[in-house]
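Asker: Okay, sequence plus prediction incoming.
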Amino acid sequence: MTARYALLAYFAAAVAYVGYAAYSDSGLYRLAAAWQMQTLGPTSFKMKFLVPVVILMIPGAVIERIIAIRSKPPRR
């Protein structure tokens, strides 16, 4: 259960970081916005916000799955 709380804290930190980056127009948000402008043309704020959030959440979800698999007791 502790891993679940750590994952939720990681997700909250990821959303907070992207929110700050969107406010200051810097970091991963700016890179994602520039990439989207080159690739897709003008996009909405929601798309520019969601792409960095998803990019940051993927490693957390993978790590959580690895921890969940390792913490299961072996089958008999």
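Answerer: Noted; the coordinates are in hand.
Asker: Might you calculate how far stretch 63-76 sits from the centre of the chain?
Answerer: 22 Å (C-alpha atoms, centre = their mean, to the nearest Å).
Asker: remind me which residues of this protein are low pLDDT?
Answerer: Within the chain, the stretches with pLDDT under 70 are 1.
Asker: where along it do the helices fall?
Answerer: 2-24, 27-40, 45-71 (DSSP state H).
Asker: Mean neighbour count added to the ones you listed, as JSON lines?
Answerer: Glycine gets a C-beta too; all of them are placed from N, C-alpha and C. Shown next, in JSON lines, are the helices of the chain (neighbours: other C-beta atoms under 10 Å):
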{"stretch": "helix 2-24", "mean neighbour count": "14"}
{"stretch": "helix 27-40", "mean neighbour count": "14"}
{"stretch": "helix 45-71", "mean neighbour count": "14"}
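Asker: start to end distance for stretch 41-49?
Answerer: 15 Å (C-alpha to C-alpha, to the nearest Å).
Asker: Sweet, I'm off.
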